[in-house]
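1. Please work out how this folds:
(2 chains)
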Amino acid sequence: MKTDILAVPRGFWSLLTGMRVTLSQFFKPIVTVQYPRQTLKMPPRYRGHIELILDPETQRSRCTACKLCERACPSDCILVEGAKFEGEKKKSVTQYELDFTKCSLCGACIEACPSDAIKFSREYNLASTSKEGYHYDLVKRLAEEKERKSL
Amino acid sequence: MSLLSTEPLRLLASLLLIIAFVGLNAAYLVLAERKGAGRFQNRPGPNEAGYGGWLQPVADVLKLISKQIMVPPESDRLLFRMAPLVVLTPAMMCLAVVPFSDTLVARNVNVGLLMVFSFGSINVMAILLSGWASRNKYAIMSAARVVSQNVAYEIPMLLVVITLLMSTGTLDLSEIIKQQAGGFWHWNFFRLDVNPLAPVTFVIFFICMLAEANRAPFDMAEAESELVAGAFTEYAGMGFGVFFMAEYANIVLGCSLATVLFFGGWQTGLGALPASWGAWKVLIGLGFFLAKMYALVFTVIWVRWTFPRTQFYGLLNLSWKILIPISLFTLLLSSVMIKLFA
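-> Okay, the predicted model is just below:
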(Lines give C-alpha, C1' and ligand atoms only; values in the text may rest on other atoms or scores of the structure.)
Protein backbone atom coordinates (compact mmCIF):
# COMPACT_ATOMS: atom_id res chain seq x y z
CA MET A 1 0.00 0.00 0.00
CA LYS A 2 2.69 2.44 1.05
CA THR A 3 4.84 1.70 -1.99
CA ASP A 4 1.76 2.02 -4.22
CA ILE A 5 1.07 5.49 -2.92
CA LEU A 6 4.72 6.51 -3.17
CA ALA A 7 4.78 5.27 -6.77
CA VAL A 8 2.49 8.11 -7.83
CA PRO A 9 4.70 11.09 -6.87
CA ARG A 10 7.77 9.13 -7.98
CA GLY A 11 6.18 8.45 -11.35
CA PHE A 12 5.18 12.09 -11.69
CA TRP A 13 8.71 13.18 -10.83
CA SER A 14 10.08 10.89 -13.53
CA LEU A 15 7.69 12.49 -16.02
CA LEU A 16 8.99 15.93 -15.05
CA THR A 17 12.57 14.68 -15.46
CA GLY A 18 11.70 13.52 -18.96
CA MET A 19 10.21 16.88 -19.77
CA ARG A 20 13.31 18.64 -18.48
CA VAL A 21 15.48 16.52 -20.79
CA THR A 22 13.41 17.36 -23.86
CA LEU A 23 13.26 21.04 -22.97
CA SER A 24 17.04 21.20 -22.70
CA GLN A 25 17.19 19.72 -26.22
CA PHE A 26 14.75 22.40 -27.39
CA PHE A 27 17.32 25.13 -26.78
CA LYS A 28 20.28 23.29 -28.29
CA PRO A 29 21.44 24.28 -31.77
CA ILE A 30 20.03 22.61 -34.88
CA VAL A 31 22.28 19.87 -36.21
CA THR A 32 20.54 19.26 -39.55
CA VAL A 33 22.60 20.03 -42.65
CA GLN A 34 20.35 21.53 -45.34
CA TYR A 35 21.92 19.19 -47.89
CA PRO A 36 21.81 20.65 -51.37
CA ARG A 37 22.59 24.11 -50.00
CA GLN A 38 24.98 23.10 -47.24
CA THR A 39 27.39 20.18 -47.37
CA LEU A 40 29.66 18.59 -44.85
CA LYS A 41 33.39 18.51 -45.56
CA MET A 42 34.39 14.95 -46.38
CA PRO A 43 36.98 13.46 -44.01
CA PRO A 44 40.51 13.13 -45.47
CA ARG A 45 40.35 9.33 -45.64
CA TYR A 46 37.05 9.26 -47.53
CA ARG A 47 37.24 6.99 -50.55
CA GLY A 48 35.53 8.37 -53.63
CA HIS A 49 36.44 7.07 -57.07
CA ILE A 50 40.11 7.54 -58.04
CA GLU A 51 41.34 10.61 -59.90
CA LEU A 52 44.61 11.81 -61.41
CA ILE A 53 46.67 14.19 -59.30
CA LEU A 54 47.53 17.59 -60.80
CA ASP A 55 51.25 18.15 -60.15
CA PRO A 56 51.50 21.69 -58.81
CA GLU A 57 54.97 22.21 -60.36
CA THR A 58 54.38 21.01 -63.89
CA GLN A 59 50.59 21.63 -64.03
CA ARG A 60 50.05 18.20 -65.57
CA SER A 61 49.69 14.61 -64.46
CA ARG A 62 52.62 12.66 -63.06
CA CYS A 63 51.29 9.49 -64.72
CA THR A 64 53.75 7.75 -67.03
CA ALA A 65 51.22 5.28 -68.43
CA CYS A 66 53.18 2.35 -66.93
CA LYS A 67 49.89 0.42 -66.61
CA LEU A 68 50.79 -0.99 -63.19
CA CYS A 69 47.44 0.23 -61.85
CA GLU A 70 45.67 -1.47 -64.73
CA ARG A 71 47.38 -4.70 -63.82
CA ALA A 72 46.87 -4.26 -60.06
CA CYS A 73 43.14 -3.76 -60.39
CA PRO A 74 41.30 -6.93 -59.23
CA SER A 75 38.08 -5.88 -60.98
CA ASP A 76 39.67 -4.90 -64.26
CA CYS A 77 38.07 -1.48 -64.33
CA ILE A 78 41.00 0.69 -65.37
CA LEU A 79 42.15 1.37 -68.91
CA VAL A 80 45.35 3.41 -69.43
CA GLU A 81 47.00 4.49 -72.66
CA GLY A 82 50.03 6.77 -73.04
CA ALA A 83 52.25 8.31 -75.66
CA LYS A 84 55.77 9.70 -75.78
CA PHE A 85 55.81 13.38 -76.72
CA GLU A 86 58.80 14.96 -78.43
CA GLY A 87 61.62 16.15 -76.23
CA GLU A 88 60.46 14.14 -73.22
CA LYS A 89 62.13 11.12 -71.64
CA LYS A 90 59.03 9.47 -70.22
CA LYS A 91 55.65 8.57 -71.60
CA SER A 92 52.64 10.70 -70.67
CA VAL A 93 49.07 9.59 -70.10
CA THR A 94 46.68 10.26 -72.99
CA GLN A 95 43.75 8.11 -71.93
CA TYR A 96 42.71 7.02 -68.42
CA GLU A 97 39.29 5.44 -68.21
CA LEU A 98 37.67 4.16 -65.03
CA ASP A 99 34.60 1.91 -65.03
CA PHE A 100 33.24 2.84 -61.61
CA THR A 101 30.39 0.31 -61.82
CA LYS A 102 32.93 -2.47 -61.19
CA CYS A 103 35.32 -0.64 -58.82
CA SER A 104 35.27 -1.84 -55.20
CA LEU A 105 37.44 1.04 -53.94
CA CYS A 106 40.13 -1.40 -52.71
CA GLY A 107 42.91 1.08 -53.50
CA ALA A 108 45.26 -1.49 -55.06
CA CYS A 109 45.85 0.91 -57.98
CA ILE A 110 46.97 3.68 -55.65
CA GLU A 111 49.28 1.29 -53.80
CA ALA A 112 50.74 0.09 -57.10
CA CYS A 113 51.40 3.50 -58.64
CA PRO A 114 55.18 4.17 -58.67
CA SER A 115 54.85 7.90 -59.38
CA ASP A 116 52.02 8.78 -56.94
CA ALA A 117 49.84 9.93 -59.82
CA ILE A 118 46.41 8.82 -58.54
CA LYS A 119 44.42 9.33 -55.36
CA PHE A 120 40.91 8.85 -54.01
CA SER A 121 38.65 11.80 -54.81
CA ARG A 122 36.10 13.23 -52.34
CA GLU A 123 33.31 12.90 -54.88
CA TYR A 124 30.06 11.52 -53.43
CA ASN A 125 27.34 13.35 -55.36
CA LEU A 126 26.93 10.57 -57.90
CA ALA A 127 23.78 9.89 -59.84
CA SER A 128 23.15 8.56 -63.31
CA THR A 129 20.36 6.89 -65.23
CA SER A 130 22.73 4.71 -67.28
CA LYS A 131 25.79 2.56 -66.68
CA GLU A 132 27.77 4.78 -69.04
CA GLY A 133 27.30 7.62 -66.58
CA TYR A 134 29.79 5.85 -64.33
CA HIS A 135 32.48 5.43 -66.96
CA TYR A 136 34.82 8.27 -66.08
CA ASP A 137 37.40 9.84 -68.34
CA LEU A 138 39.98 10.87 -65.77
CA VAL A 139 42.17 12.77 -68.23
CA LYS A 140 39.24 14.99 -69.09
CA ARG A 141 38.48 15.35 -65.40
CA LEU A 142 42.06 16.48 -64.78
CA ALA A 143 41.83 19.04 -67.58
CA GLU A 144 38.63 20.40 -66.05
CA GLU A 145 40.24 20.59 -62.64
CA LYS A 146 43.18 22.50 -64.13
CA GLU A 147 40.81 24.94 -65.80
CA ARG A 148 38.91 25.45 -62.55
CA LYS A 149 42.12 26.17 -60.68
CA SER A 150 43.42 28.63 -63.27
CA LEU A 151 40.21 30.68 -63.11
CA MET B 1 -18.53 50.78 -30.89
CA SER B 2 -22.24 51.52 -30.36
CA LEU B 3 -23.04 50.07 -33.79
CA LEU B 4 -21.11 46.92 -32.98
CA SER B 5 -22.97 46.40 -29.73
CA THR B 6 -26.34 46.17 -31.49
CA GLU B 7 -27.48 42.60 -31.29
CA PRO B 8 -27.39 41.10 -34.83
CA LEU B 9 -24.09 42.82 -35.68
CA ARG B 10 -22.46 41.73 -32.44
CA LEU B 11 -23.58 38.17 -33.08
CA LEU B 12 -22.19 38.20 -36.61
CA ALA B 13 -18.92 39.82 -35.54
CA SER B 14 -18.32 37.35 -32.73
CA LEU B 15 -19.25 34.43 -34.99
CA LEU B 16 -16.77 35.55 -37.65
CA LEU B 17 -14.07 36.25 -35.08
CA ILE B 18 -14.45 32.82 -33.48
CA ILE B 19 -14.37 31.03 -36.85
CA ALA B 20 -11.30 33.05 -37.88
CA PHE B 21 -9.66 32.40 -34.51
CA VAL B 22 -10.26 28.64 -34.75
CA GLY B 23 -9.13 28.50 -38.38
CA LEU B 24 -5.95 30.50 -37.84
CA ASN B 25 -5.13 28.58 -34.69
CA ALA B 26 -5.59 25.25 -36.42
CA ALA B 27 -3.40 26.32 -39.34
CA TYR B 28 -0.60 27.86 -37.33
CA LEU B 29 -0.68 25.43 -34.40
CA VAL B 30 0.00 22.64 -36.89
CA LEU B 31 3.06 24.61 -37.97
CA ALA B 32 3.97 25.32 -34.33
CA GLU B 33 3.59 21.64 -33.59
CA ARG B 34 5.86 20.61 -36.47
CA LYS B 35 8.38 23.36 -35.75
CA GLY B 36 8.28 22.40 -32.07
CA ALA B 37 8.77 18.74 -32.91
CA GLY B 38 11.76 19.80 -34.98
CA ARG B 39 13.32 21.86 -32.21
CA PHE B 40 12.81 19.08 -29.65
CA GLN B 41 14.72 16.79 -32.01
CA ASN B 42 17.46 19.31 -32.92
CA ARG B 43 16.20 19.84 -36.46
CA PRO B 44 14.62 22.95 -38.02
CA GLY B 45 11.18 21.57 -38.91
CA PRO B 46 9.39 22.67 -42.09
CA ASN B 47 11.40 25.56 -43.55
CA GLU B 48 10.95 25.45 -47.32
CA ALA B 49 7.57 27.12 -47.95
CA GLY B 50 8.04 30.85 -47.49
CA TYR B 51 10.60 32.45 -45.20
CA GLY B 52 11.39 29.90 -42.48
CA GLY B 53 8.32 27.85 -43.42
CA TRP B 54 5.75 30.52 -42.58
CA LEU B 55 3.66 29.67 -45.64
CA GLN B 56 3.53 25.95 -44.84
CA PRO B 57 -0.07 26.13 -43.47
CA VAL B 58 -1.20 27.82 -46.70
CA ALA B 59 0.39 25.03 -48.73
CA ASP B 60 -1.18 22.40 -46.46
CA VAL B 61 -4.65 23.91 -46.73
CA LEU B 62 -4.40 24.26 -50.51
CA LYS B 63 -3.39 20.60 -50.75
CA LEU B 64 -6.21 19.47 -48.48
CA ILE B 65 -9.00 21.40 -50.19
CA SER B 66 -7.88 20.37 -53.66
CA LYS B 67 -8.18 16.69 -52.79
CA GLN B 68 -11.31 14.71 -53.45
CA ILE B 69 -13.38 13.64 -50.45
CA MET B 70 -14.24 10.02 -51.05
CA VAL B 71 -16.99 8.20 -49.19
CA PRO B 72 -16.21 4.49 -48.83
CA PRO B 73 -18.79 2.22 -50.49
CA GLU B 74 -21.51 0.74 -48.26
CA SER B 75 -20.66 3.15 -45.47
CA ASP B 76 -23.28 5.32 -43.84
CA ARG B 77 -22.99 8.29 -46.19
CA LEU B 78 -24.94 10.79 -44.11
CA LEU B 79 -23.17 10.06 -40.82
CA PHE B 80 -19.82 9.89 -42.60
CA ARG B 81 -20.25 13.41 -43.97
CA MET B 82 -21.81 14.71 -40.78
CA ALA B 83 -19.08 13.55 -38.37
CA PRO B 84 -16.49 16.27 -39.22
CA LEU B 85 -19.11 18.95 -38.61
CA VAL B 86 -20.27 17.41 -35.36
CA VAL B 87 -16.68 17.29 -34.14
CA LEU B 88 -15.84 20.90 -34.98
CA THR B 89 -19.05 22.74 -34.08
CA PRO B 90 -19.14 22.07 -30.30
CA ALA B 91 -15.56 23.27 -29.88
CA MET B 92 -16.46 26.51 -31.67
CA MET B 93 -19.63 26.93 -29.64
CA CYS B 94 -17.71 26.52 -26.40
CA LEU B 95 -15.38 29.35 -27.39
CA ALA B 96 -18.42 31.65 -27.43
CA VAL B 97 -18.54 31.71 -23.63
CA VAL B 98 -14.78 31.99 -23.05
CA PRO B 99 -13.90 35.52 -21.87
CA PHE B 100 -10.81 36.55 -23.83
CA SER B 101 -10.60 39.82 -22.00
CA ASP B 102 -12.64 42.14 -19.80
CA THR B 103 -15.95 42.52 -21.76
CA LEU B 104 -14.39 40.66 -24.73
CA VAL B 105 -16.67 37.63 -24.65
CA ALA B 106 -19.06 36.60 -27.40
CA ARG B 107 -21.90 35.66 -25.06
CA ASN B 108 -21.61 35.81 -21.31
CA VAL B 109 -23.70 32.89 -20.11
CA ASN B 110 -24.00 32.57 -16.35
CA VAL B 111 -23.61 28.77 -16.61
CA GLY B 112 -20.69 29.08 -19.03
CA LEU B 113 -18.62 26.34 -17.43
CA LEU B 114 -21.53 23.89 -17.57
CA MET B 115 -22.06 24.75 -21.21
CA VAL B 116 -18.41 24.11 -22.05
CA PHE B 117 -18.51 20.67 -20.45
CA SER B 118 -21.83 19.66 -21.96
CA PHE B 119 -20.78 20.66 -25.47
CA GLY B 120 -17.30 19.30 -24.89
CA SER B 121 -18.68 15.81 -24.40
CA ILE B 122 -20.22 15.85 -27.91
CA ASN B 123 -16.66 15.47 -29.22
CA VAL B 124 -16.69 11.79 -28.15
CA MET B 125 -19.92 11.13 -29.99
CA ALA B 126 -18.56 12.72 -33.15
CA ILE B 127 -15.49 10.49 -33.18
CA LEU B 128 -17.70 7.51 -32.43
CA LEU B 129 -19.87 8.51 -35.39
CA SER B 130 -16.93 8.88 -37.75
CA GLY B 131 -15.55 5.51 -36.65
CA TRP B 132 -18.90 3.79 -36.99
CA ALA B 133 -19.83 5.37 -40.31
CA SER B 134 -16.47 4.56 -41.94
CA ARG B 135 -17.18 0.79 -42.06
CA ASN B 136 -13.53 0.09 -41.36
CA LYS B 137 -12.17 -2.22 -38.67
CA TYR B 138 -9.50 0.23 -37.52
CA ALA B 139 -12.03 3.02 -37.30
CA ILE B 140 -14.37 0.87 -35.18
CA MET B 141 -11.55 -0.10 -32.80
CA SER B 142 -10.61 3.53 -32.47
CA ALA B 143 -14.22 4.51 -31.81
CA ALA B 144 -14.50 1.93 -29.03
CA ARG B 145 -11.28 3.17 -27.48
CA VAL B 146 -12.35 6.80 -27.64
CA VAL B 147 -15.59 6.10 -25.83
CA SER B 148 -14.04 4.21 -22.93
CA GLN B 149 -11.19 6.69 -22.70
CA ASN B 150 -13.43 9.75 -22.62
CA VAL B 151 -15.86 8.20 -20.14
CA ALA B 152 -12.90 7.40 -17.89
CA TYR B 153 -11.41 10.89 -18.07
CA GLU B 154 -14.65 12.84 -17.85
CA ILE B 155 -15.01 11.74 -14.22
CA PRO B 156 -11.75 13.11 -12.71
CA MET B 157 -12.13 16.20 -14.90
CA LEU B 158 -15.54 16.97 -13.46
CA LEU B 159 -14.45 16.09 -9.90
CA VAL B 160 -11.60 18.56 -10.23
CA VAL B 161 -13.93 21.22 -11.56
CA ILE B 162 -16.37 20.61 -8.68
CA THR B 163 -13.47 21.09 -6.25
CA LEU B 164 -12.82 24.42 -7.87
CA LEU B 165 -16.49 25.40 -8.00
CA MET B 166 -16.86 24.93 -4.25
CA SER B 167 -14.53 27.88 -3.69
CA THR B 168 -15.74 30.04 -6.59
CA GLY B 169 -19.43 29.39 -6.05
CA THR B 170 -20.34 30.32 -9.61
CA LEU B 171 -20.38 28.77 -13.10
CA ASP B 172 -19.97 32.15 -14.77
CA LEU B 173 -16.49 32.22 -16.34
CA SER B 174 -16.18 36.04 -16.22
CA GLU B 175 -17.13 35.97 -12.56
CA ILE B 176 -14.54 33.27 -11.84
CA ILE B 177 -11.89 35.51 -13.43
CA LYS B 178 -13.00 38.56 -11.47
CA GLN B 179 -12.59 36.59 -8.24
CA GLN B 180 -8.94 36.05 -9.14
CA ALA B 181 -8.17 39.77 -9.47
CA GLY B 182 -5.12 41.29 -7.80
CA GLY B 183 -1.73 39.67 -7.37
CA PHE B 184 -0.97 36.31 -8.92
CA TRP B 185 -1.30 34.69 -5.48
CA HIS B 186 -5.04 35.17 -5.89
CA TRP B 187 -5.07 32.83 -8.88
CA ASN B 188 -6.78 29.54 -8.10
CA PHE B 189 -3.51 27.72 -8.85
CA PHE B 190 -1.94 29.39 -5.78
CA ARG B 191 -5.02 29.41 -3.51
CA LEU B 192 -3.54 26.90 -1.07
CA ASP B 193 -5.76 28.26 1.73
CA VAL B 194 -8.94 26.81 0.20
CA ASN B 195 -7.35 23.81 -1.49
CA PRO B 196 -3.89 22.82 -0.21
CA LEU B 197 -3.53 20.56 -3.26
CA ALA B 198 -4.44 23.22 -5.85
CA PRO B 199 -1.40 22.51 -8.09
CA VAL B 200 -2.27 18.79 -8.02
CA THR B 201 -5.80 19.74 -9.04
CA PHE B 202 -4.38 21.66 -11.98
CA VAL B 203 -2.17 18.75 -13.04
CA ILE B 204 -5.18 16.40 -12.99
CA PHE B 205 -7.18 18.93 -15.00
CA PHE B 206 -4.35 19.23 -17.52
CA ILE B 207 -3.95 15.45 -17.89
CA CYS B 208 -7.71 15.01 -18.35
CA MET B 209 -7.73 17.85 -20.86
CA LEU B 210 -5.02 16.05 -22.88
CA ALA B 211 -7.04 12.83 -22.75
CA GLU B 212 -10.30 14.55 -23.70
CA ALA B 213 -8.66 16.26 -26.66
CA ASN B 214 -7.15 12.87 -27.67
CA ARG B 215 -3.65 14.29 -27.54
CA ALA B 216 -0.41 12.33 -27.17
CA PRO B 217 0.39 10.47 -24.97
CA PHE B 218 -3.33 9.60 -24.94
CA ASP B 219 -3.94 9.67 -28.71
CA MET B 220 -5.63 6.29 -28.72
CA ALA B 221 -8.16 7.51 -31.28
CA GLU B 222 -5.52 8.10 -33.89
CA ALA B 223 -2.68 5.77 -32.84
CA GLU B 224 -1.15 5.92 -36.32
CA SER B 225 1.34 3.12 -35.65
CA GLU B 226 -1.39 0.63 -34.68
CA LEU B 227 -4.66 1.78 -36.23
CA VAL B 228 -3.52 3.54 -39.46
CA ALA B 229 -5.31 6.76 -38.49
CA GLY B 230 -8.01 5.33 -36.24
CA ALA B 231 -11.39 6.92 -36.70
CA PHE B 232 -10.04 9.17 -39.46
CA THR B 233 -8.67 6.35 -41.64
CA GLU B 234 -11.28 6.70 -44.38
CA TYR B 235 -11.28 10.49 -44.47
CA ALA B 236 -9.38 12.31 -47.20
CA GLY B 237 -8.83 15.94 -48.06
CA MET B 238 -10.65 18.55 -46.05
CA GLY B 239 -12.75 15.94 -44.20
CA PHE B 240 -9.52 14.89 -42.53
CA GLY B 241 -8.51 18.53 -42.28
CA VAL B 242 -11.64 19.39 -40.31
CA PHE B 243 -10.83 16.67 -37.74
CA PHE B 244 -7.43 18.25 -37.35
CA MET B 245 -8.98 21.69 -36.96
CA ALA B 246 -11.26 20.25 -34.28
CA GLU B 247 -8.32 18.68 -32.46
CA TYR B 248 -6.53 22.02 -32.29
CA ALA B 249 -9.75 23.87 -31.46
CA ASN B 250 -10.19 21.47 -28.54
CA ILE B 251 -6.63 22.10 -27.39
CA VAL B 252 -7.15 25.85 -27.57
CA LEU B 253 -10.43 25.49 -25.70
CA GLY B 254 -8.90 23.26 -23.03
CA CYS B 255 -5.96 25.60 -22.52
CA SER B 256 -8.29 28.64 -22.42
CA LEU B 257 -10.36 26.89 -19.78
CA ALA B 258 -7.27 26.01 -17.74
CA THR B 259 -6.18 29.65 -17.99
CA VAL B 260 -9.58 30.88 -16.84
CA LEU B 261 -9.98 28.37 -14.02
CA PHE B 262 -6.44 28.28 -12.63
CA PHE B 263 -4.40 31.22 -13.92
CA GLY B 264 -6.78 34.16 -13.60
CA GLY B 265 -7.80 34.45 -17.29
CA TRP B 266 -7.05 37.96 -18.49
CA GLN B 267 -5.91 39.19 -15.05
CA THR B 268 -2.34 40.47 -15.20
CA GLY B 269 -1.42 39.01 -11.81
CA LEU B 270 0.23 42.31 -10.87
CA GLY B 271 -2.82 44.09 -9.51
CA ALA B 272 -5.59 46.08 -11.21
CA LEU B 273 -4.75 48.36 -14.15
CA PRO B 274 -5.51 52.10 -13.74
CA ALA B 275 -9.08 52.95 -14.80
CA SER B 276 -7.88 55.83 -17.01
CA TRP B 277 -6.40 53.41 -19.56
CA GLY B 278 -9.88 52.67 -20.97
CA ALA B 279 -9.87 50.40 -24.01
CA TRP B 280 -6.16 49.66 -23.59
CA LYS B 281 -7.06 47.65 -20.50
CA VAL B 282 -9.07 45.26 -22.67
CA LEU B 283 -6.15 44.82 -25.09
CA ILE B 284 -3.61 44.31 -22.31
CA GLY B 285 -5.95 41.77 -20.74
CA LEU B 286 -6.24 39.98 -24.10
CA GLY B 287 -2.45 39.93 -24.36
CA PHE B 288 -2.09 38.37 -20.92
CA PHE B 289 -4.83 35.83 -21.66
CA LEU B 290 -3.23 34.77 -24.96
CA ALA B 291 0.25 34.62 -23.39
CA LYS B 292 -0.95 32.29 -20.64
CA MET B 293 -3.01 30.20 -23.05
CA TYR B 294 -0.21 29.74 -25.58
CA ALA B 295 2.22 28.87 -22.80
CA LEU B 296 -0.14 26.01 -21.94
CA VAL B 297 -0.47 25.10 -25.64
CA PHE B 298 3.33 24.94 -25.80
CA THR B 299 3.25 22.58 -22.82
CA VAL B 300 0.78 20.38 -24.71
CA ILE B 301 3.20 20.21 -27.66
CA TRP B 302 6.12 19.69 -25.28
CA VAL B 303 4.30 16.76 -23.63
CA ARG B 304 3.53 15.22 -27.01
CA TRP B 305 7.17 15.17 -28.07
CA THR B 306 8.39 13.92 -24.71
CA PHE B 307 6.24 10.91 -23.88
CA PRO B 308 5.48 7.84 -25.99
CA ARG B 309 1.87 6.73 -26.37
CA THR B 310 0.61 4.79 -23.34
CA GLN B 311 -0.90 1.38 -23.67
CA PHE B 312 -4.66 1.25 -23.44
CA TYR B 313 -4.93 -0.47 -20.07
CA GLY B 314 -2.26 1.89 -18.73
CA LEU B 315 -4.47 4.76 -19.81
CA LEU B 316 -7.54 3.36 -18.06
CA ASN B 317 -5.53 2.40 -14.96
CA LEU B 318 -4.20 5.94 -14.71
CA SER B 319 -7.72 7.31 -14.66
CA TRP B 320 -9.54 4.77 -12.47
CA LYS B 321 -6.76 3.89 -10.04
CA ILE B 322 -4.86 7.17 -9.70
CA LEU B 323 -6.65 10.25 -10.98
CA ILE B 324 -10.14 9.48 -9.63
CA PRO B 325 -8.98 8.61 -6.08
CA ILE B 326 -6.73 11.68 -5.95
CA SER B 327 -9.41 14.00 -7.27
CA LEU B 328 -11.92 12.56 -4.78
CA PHE B 329 -9.39 13.18 -2.02
CA THR B 330 -8.81 16.79 -3.09
CA LEU B 331 -12.60 17.26 -3.24
CA LEU B 332 -12.91 16.06 0.37
CA LEU B 333 -9.91 18.05 1.54
CA SER B 334 -11.14 21.20 -0.13
CA SER B 335 -14.65 20.87 1.35
CA VAL B 336 -13.17 20.33 4.82
CA MET B 337 -10.96 23.41 4.41
CA ILE B 338 -13.92 25.54 3.28
CA LYS B 339 -16.12 24.25 6.11
CA LEU B 340 -13.46 24.91 8.74
CA PHE B 341 -11.85 28.17 7.63
CA ALA B 342 -14.18 30.02 5.28
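2. CA atoms for contacts and neighbours, from now on please.
-> Will do.
3. Secondary structure element for the closest residue to chain A within the stretch 101-250 of chain B, which one?
-> The stretch 101-250 of chain B approaches chain A most closely through residue B:203 (10.0 Å), counting by CA to the nearest CA. Using DSSP states H and E, residue B:203 maps to helix B:198-212.
4. circling back: wait, what's in contact with the residue of the stretch 101-250 of chain B closest to chain A?
-> With contacts defined as CA atoms under 8 Å, 6 or more residues apart in numbering or on different chains, residue B:203 is in contact with no residue.
5. same thing with residue B:115?
-> residue B:94.
6. What segments of chain A are strands?
-> Taking DSSP state E as the criterion, chain A contains strands spanning A:50-52, A:78-83, A:92-99, A:118-120, A:135-137.
7. right, so of those, which gets closest to chain B?
-> Counting by CA to the nearest CA, chain B lies closest to strand A:118-120 out of those; the figure is 32.2 Å.
8. and the closest one, which residues are buried?
-> A:118-120 (16 or more other CA atoms under 10 Å in any protein chain shown).
9. of those residues, closest to residue A:22?
-> When the buried residues of strand A:118-120 are compared for distance to residue A:22 (CA to CA), residue A:120 wins out at 41.7 Å.
10. Identify the bridge partners of residue A:83.
-> Beta-bridge pairing of residue A:83 under DSSP bridges involves residue A:92.
11. quick one: residue B:36 and residue B:22, what's the gap?
-> For residue B:36, the distance to residue B:22 equals 20 Å [CA to CA, to the nearest Å].
12. interface residues of chain B facing chain A?
-> B:36, B:39-44, B:302-303, B:305-307, B:322 (CA under 8 Å from any CA of the partner chain).
13. any chance of these in CSV, plus neighbour count and pLDDT?
-> Output for these, formatted as CSV (neighbours: other CA atoms under 10 Å in any protein chain shown; pLDDT from 0 to 100):
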residue, neighbour count, pLDDT
B:36, 22, 89
B:39, 21, 89
B:40, 24, 90
B:41, 18, 90
B:42, 17, 89
B:43, 19, 89
B:44, 21, 87
B:302, 20, 92
B:303, 21, 91
B:305, 21, 90
B:306, 21, 90
B:307, 15, 89
B:322, 15, 87
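14. which pair in those spans the largest distance?
-> Among the residues of chain B next to chain A, the pair separated by the greatest distance (CA to CA) is B:44 and B:322, which sit 37.8 Å apart.
15. In the stretch 151-300 of chain B, which residue sits closest to chain A?
-> Relative to chain A, the nearest point of the stretch 151-300 of chain B is residue B:299 (9.5 Å; CA to the nearest CA).
16. In chain A, which helix is the longest?
-> helix A:2-26 (DSSP state H).
17. Which elements pack onto it?
-> Based on contacts counted as 3 or more CA pairs under 8 Å, 6 or more residues apart in numbering or on different chains; DSSP states H and E, the elements that helix A:2-26 packs against are helix B:7-40, helix B:279-304.
18. quick one, which of the strands of chain A is packed in tightest?
-> strand A:50-52 (a mean of 22; mean count of other CA atoms under 10 Å in any protein chain shown).
19. now it, how far from the centre of its chain.
-> Taking the mean C-alpha point of strand A:50-52 and that of its whole chain, the gap between them comes to 11 Å (CA atoms, centre = their mean, to the nearest Å).
20. Contact partners for residue 108?
-> By default, I'm working from chain A. Counting by CA under 8 Å, 6+ apart, residue A:108 makes contact with A:69, A:72-74.
21. um, chain B though
-> With CA under 8 Å, 6+ apart as the criterion, the residues that contact residue B:108 are B:97, B:99, B:172-174.
22. Farthest pair within these?
-> Spanning the widest gap among these are B:99 and B:172, at 9.9 Å by CA to CA.
23. in chain A, what spans have low per-residue confidence?
-> Per-residue confidence of chain A (counting by pLDDT under 70) places no residue in a weak region.
24. Actually, chain B.
-> Short version for chain B, where the test is pLDDT under 70: B:1-5, B:342.
25. Can you show me the helices along it?
-> Using DSSP H, the helices of chain B run over B:7-40, B:56-66, B:77-95, B:112-120, B:122-134, B:137-168, B:173-179, B:198-212, B:224-227, B:237-262, B:279-304, B:312-317, B:324-341.
26. Could you dump the ones you listed into TSV with distance to residue A:20 added?
-> Below are these laid out as TSV (distance: least, CA to CA, whole Å):
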stretch	distance to residue A:20
helix B:7-40	11
helix B:56-66	29
helix B:77-95	31
helix B:112-120	31
helix B:122-134	32
helix B:137-168	26
helix B:173-179	31
helix B:198-212	16
helix B:224-227	26
helix B:237-262	21
helix B:279-304	10
helix B:312-317	23
helix B:324-341	25
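27. Relative to residue A:19, which of those helices is closest?
-> Residue A:19 sits nearest to helix B:279-304 of all the helices of chain B, at 7.1 Å, using CA to CA.
28. for that closest one, the distance to its chain's centre please.
-> Here the centre of helix B:279-304 is set off from its chain's centre by 13 Å, with CA atoms, centre = their mean.
29. Right, I'll call it a day here.
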